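A.B. asks: Got a predicted structure plus its sequence, pasted below:
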Amino acid sequence: MTNYGAIPTSSHPSPAIDLEYISRAKHRIKSGLATRRPWKAMFDFESMTLPHGFFDAISRIKTNLGYFRANYAIGVLFILFLSLLYHPTSLIVLSILIVFWIFLYFLRDEPLVVFGYQIDDRTVLIGLSVFTVVMLLLTHATSNILGSLLTAAVLVLIHAAVRRSDNLFLDEEAAAVSESSGLMSYPSS
């Protein structure tokens with residue numbers, strides 16, 4: 001006998017949503033975005049003054065590039081995204097690359113270890129940046145990519161030189177990392 005219109009039942013209960021997995025993902029997203037400094041602090045107009053000289057500008061640029069590193073990366077990726085709106089292939093490639101950025105730079109909560117060497121954030125940032133530019137250049141949107149990267153670099157350098165850095169405080173670990181070479185031997189267990 002067939003039961004037409006009856007709601008089918010399964011002998012196996014449907015898999016419950018793994019709430020612990022979702023909770024861990026939310027925690028990783030929040031901690032990953034924690035490396036980003038507040039945009040309000042980045043664009044604090046009271047902290048914007050012209051540098052007193054060349055060495056003051058260089059000092060500010062070094063400090064601000066270290067302090068606002070994640071913010072600058074987000075800004076450069078956003079400017080790159082805007083420049084590729086009319087190049088769908090490049091936009092698809094950039095979307096895939098942004099996934100790499102999210103998992104390898106923004107949401108990584110443990111040090112990246114490759115062949116027994118611990119790779120610091122600055123080296124990951126440089127490596128992902130070079131990889132992104134090379135992959136996008138292969139999509140034949142060279143003028144858009146180079147123009148947007150030049151625009152982003154100028155904007156970042158102007159902001160880094162004009163933003164006073166005397167009220168920014170890097171923690172000791174971040175200061176030590178910025179002085180390191182980027183590769184540290186990592187003991188294997």
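C.D. replies: That came through, no problem.
A.B. asks: burial of residue 51, as a residue count?
C.D. replies: Number of residues near residue 51 (other C-beta atoms under 10 Å) recorded here: 17. All C-beta spots, glycine's among them, are computed from the backbone N, C-alpha and C.
A.B. asks: ok, and the residue lying closest to it once chain neighbours are set aside, which helix or strand is that part of?
C.D. replies: Distance criterion C-beta to C-beta, 6 or more residues apart in numbering; nearest residue to residue 51, sequence neighbours excluded, is residue 57 at 3.9 Å. Assigned by DSSP states H and E, residue 57 belongs to helix 54-67.
A.B. asks: averaged over its residues, what pLDDT does the helix or strand following that helix have?
C.D. replies: Downstream of helix 54-67, the first helix or strand assigned by DSSP H and E is helix 69-83. Mean pLDDT, helix 69-83: 89.
A.B. asks: Show me what counts as buried in helix 69-83.
C.D. replies: Of the residues in helix 69-83, 69-77, 79-80, 83 count as buried by neighbour count, 16 or more other C-beta atoms under 10 Å.
A.B. asks: need the strands for the chain, in chain order.
C.D. replies: 112-114, 117-119, 183-185 (DSSP state E).
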